[in-house]
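A.B. asks: model this:
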Amino acid sequence: MSLKRIFKNILIQLLKFRRIRFLVVKYRYLFLKKKMCFYEGGSTSIDERTIKHNLSAFNSDSGFGCGQRMGLLIYPIVAYYSNNKIDRSKKKVLIVGCRTEDDIFWMKAYGFENTFGFDLFSYSKYVLVGDIHKTDFESGSFDIVLLGWMIPYTKDPKTVILECRRILKSGGLLGIGIQHVPTEEKDAVANTLNSSGDIISLLDETLEHKVLFEYDHYNQKDGDLGVAVVSVCH
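C.D. replies: Have a look, this model is predicted:
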């Protein structure tokens, strides 16, 4: 292995550390934001507030990493690949609704070199622009698709799941993360999904799958309202 490759691997490994990754992602955004572009297609399934809400996150540091909530999806997948001794270096990963490069670099740090984001806007070469309700990806393109806290923004979750299944290989992993929304705040989201049970019911209705991991935590005192499901799609 060349010295260049060794140095690159060390840099990638450093991205496992939250603070280092935060600094890299934030300053890359500040440098690249002039390249911001937006999805120009129209879709009645996307909540009208989506882009405005997500762009507002760049006004504070909380928008870079979002409290590391994607760990609820990333760590179970890393464990699954490790336990099954699967080579992750050639696996194709798509992270939908990533907003920044944080989730992408996090996955790369764990050996998923071929990881890209997919969102309604992008400033990065690692984030592709499009609509997950209908994409141009070939069927069976990806080994892993992660819906990173984006499904609350769709008025048609079933179509999103069907498209994810189409672009996933047989045996691929589908990870879905959402935030449990208290009753008084339900008008802030575009659909009724609000627990791991809701997500699993949607998957049961839509495709053949086997749940690998599910998580619910409604501890408002700690500010942890994370919900996550990871399934193998058949």
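A.B. asks: Test my guess that Lys210 contacts His234.
C.D. replies: Yes: Lys210 lies in contact with His234 (C-beta atoms under 8 Å); the separation is 7.2 Å. Placement of C-beta: from N, CA and C, glycine included.
A.B. asks: The spatially closest residue to Lys90 that is not a sequence neighbour: neighbour count?
C.D. replies: The spatial neighbour of Lys90 that comes closest, neighbours along the chain excluded (C-beta to C-beta, 6 or more residues apart in numbering), is Asn114 at 6.7 Å. Using other C-beta atoms under 10 Å, Asn114 is surrounded by 16 other residues.
A.B. asks: quick one: Asn114 and Met107, what's the gap?
C.D. replies: 9 Å (C-beta to C-beta, to the nearest Å).
A.B. asks: ok, back up a step: so how far is Ser170 from the residue nearest to Lys90?
C.D. replies: From Asn114 across to Ser170, the span is 18 Å (C-beta to C-beta).
A.B. asks: try Thr154
C.D. replies: Using C-beta to C-beta, we find Thr154 at a distance of 24 Å from Ser170.
A.B. asks: And the two? Which one has more around it.
C.D. replies: Legend: neighbour count by other C-beta under 10 Å for Thr154 and Ser170, higher for Thr154 (25 against 10).
A.B. asks: I'd like to know how far that one sits from Cys233.
C.D. replies: 18 Å.
A.B. asks: what do you get for Lys169?
C.D. replies: If you measure Lys169 against Cys233 using C-beta to C-beta, the figure is 9 Å.
A.B. asks: Looking at these two, which one has more neighbours?
C.D. replies: Cys233 (20 against 16).
A.B. asks: ok, the more buried one to Cys98 distance?
C.D. replies: 20 Å.
A.B. asks: Equivalent analysis for Lys16, please.
C.D. replies: Lys16 is 17 Å from Cys98, where distance means C-beta to C-beta.
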